[in-house]
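A.B. asks: give me a model of this one.
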Amino acid sequence: LSRRMRVVVLEDYLNYAATSACIEPLKKLGAVVCYTEPAKSEDENVARMAGADFVIPVRNRVSFTDQLLSRIRHVKLISQTGPWLSHIDLAAAKKYGITVSRCPDDGDEVVKTGTAEQTWNLILALMRDTELNQKTMREGGWQVKAGRGLAGKTLGILGPGKIGSRVARVGLAFDMRVIGWSRSLTQESARAIGIEAASLNELLSQSDVISIHIPLTDTTRGFIGAREFNLMKPTAVVVITSRGGVLEESALLEALRSGKIAGAGFDVYPKEPLPKDHPLRSLPNVVMQPHMGGYTEEGYGWKFIPAVENIIAFIEGRPQNLATDKDIERQRQRQMTYLT
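C.D. replies: Sure, this is the predicted structure:
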């Protein structure tokens, strides 16, 4: 660049970029502006990125639609933290001359492990009434309710992929029966990770704990709705650490309020951050975490360091880890055919 550059970091809730040493090389080359709160509108996002040469989105909180990308054509590179690009319209970015890079997958194990750990944090909190018991203890009380054990119960994994299979292994260690479902899961591939393949209806009706790990696409939005909740046991608990939009919100709230399910644990929500007055915040059979599954201290470092390195490589004329035409085609196919 012939002038000092401008880097914009979007929706860095924990203000990691402002305090991390990994961002220092960019500060030496120009201005680094960090936003910690979500924008209230597309216009605000456009204003934030005004004059930006490089944008670092934290996770996939901002949807880079065709319309948004058309208004930020001055951006040279969107350097994504993490390997996920589903929130960026890659075909539109190419059309407007905006390069997109991602972090390599080789560090993604940190995030997958963290998300699996968060899943079990929620499962155990629900089954052992952790929140109720801690509140009682802080108020000077003692035992008020017996928790439920896991051994012998059935754990259902919706989407037993890289994260779901980790969750499954822990369930097996707890002597649970573990079943899984996805469109591509066969009995052979299920046996390879030590679980049983089941139909969707079997999984929903037989599981005591249902852990959701399917990604959010156009075809999975609202995938778990009234029909699916009606199939579940009234003693079942549901945990979701993938994307909140997979759950149909009104059906979820009705199931929790009416006792169709015993409870639910969330690390992700249909809208993030969760509104202050959202009804989930007041339901007694809910355990909540603020979308921090993969965002341990180790996970943050893994995402930011490559994002910075990708910008430096781009400036030096050796761009790396770029989205390709294969990614564009894969994105198009996934939106069209997942679960069809």
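
A.B. asks: name the SS class of A31, please.
C.D. replies: strand (DSSP: H, G, I helix; E, B strand; the rest coil).

A.B. asks: what is it paired to in the beta sheet?
C.D. replies: Assessed by DSSP bridges, A31 has beta-bridge partners R6.

A.B. asks: distance check, it against G51.
C.D. replies: Distance check for A31 against G51: by Cβ to Cβ, to the nearest Å, it reads 9 Å. For glycine as for every other residue, the C-beta is placed from the backbone atoms N, C-alpha and C.

A.B. asks: looking at those two, which is more packed in?
C.D. replies: A31 (14 against 11; other Cβ atoms under 10 Å).

A.B. asks: so what sits against both of A31 and G51?
C.D. replies: Residues touching both A31 and G51 by Cβ atoms under 8 Å, 6 or more residues apart in numbering: R6.

A.B. asks: check which helix or strand covers G171.
C.D. replies: If you go by DSSP states H and E, G171 is part of helix 162-173.

A.B. asks: other residues contacting that helix?
C.D. replies: For helix 162-173, the external contacting residues (Cβ under 8 Å, 6+ apart) are 112-113, 115-116, 119-120, 150, 155, 157-158, 160, 178, 180, 193-195, 209, 211, 213, 241-242.

A.B. asks: which residues are in contact with the most centrally placed residue in the chain?
C.D. replies: Note on the chain: the residue nearest the mean C-alpha position is S242, at 4.5 Å, using Cα atoms, centre = their mean. Counting by Cβ under 8 Å, 6+ apart, S242 makes contact with G159, I163, I212, H213, I214, P215, L216, V268.

A.B. asks: now A151
C.D. replies: Residues near A151 by Cβ under 8 Å, 6+ apart: F174, D175, M176.

A.B. asks: buried subset of the residues you listed as a ChimeraX selection?
C.D. replies: Selecting only the buried entries of the contacts of A151 in ChimeraX, with 16 or more other Cβ atoms under 10 Å as the criterion:
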select :174,176
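
A.B. asks: quick check: mean pLDDT of the helix holding G171?
C.D. replies: On average, the pLDDT along helix 162-173 is 97.

A.B. asks: what does stretch 261-277 give?
C.D. replies: On average, stretch 261-277 scores 93.

A.B. asks: for that stretch, which positions count as buried?
C.D. replies: Result for stretch 261-277 [16+ other Cβ under 10 Å]: buried residues I261, A262, G263, A264, G265, F266, D267, V268, Y269, P270, E272, L274.

A.B. asks: now stretch 17-28: average pLDDT?
C.D. replies: According to the model, stretch 17-28 has a mean pLDDT of 87.

A.B. asks: got the CA coordinates for that stretch in CSV?
C.D. replies: Only the C-alpha atoms of stretch 17-28 are listed here, as CSV (Å, rounded to 0.1, in the frame of the first residue of the first chain):
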residue,chain,number,x,y,z
ALA,A,17,-7.8,-7.7,19.4
ALA,A,18,-7.2,-4.5,21.3
THR,A,19,-5.2,-6.3,24.0
SER,A,20,-3.5,-9.1,22.1
ALA,A,21,0.1,-9.0,21.0
CYS,A,22,-0.7,-10.7,17.7
ILE,A,23,-2.4,-7.5,16.5
GLU,A,24,0.7,-5.3,17.0
PRO,A,25,2.2,-5.9,13.5
LEU,A,26,-0.9,-4.4,12.0
LYS,A,27,-0.8,-1.4,14.3
LYS,A,28,2.7,-0.6,12.9
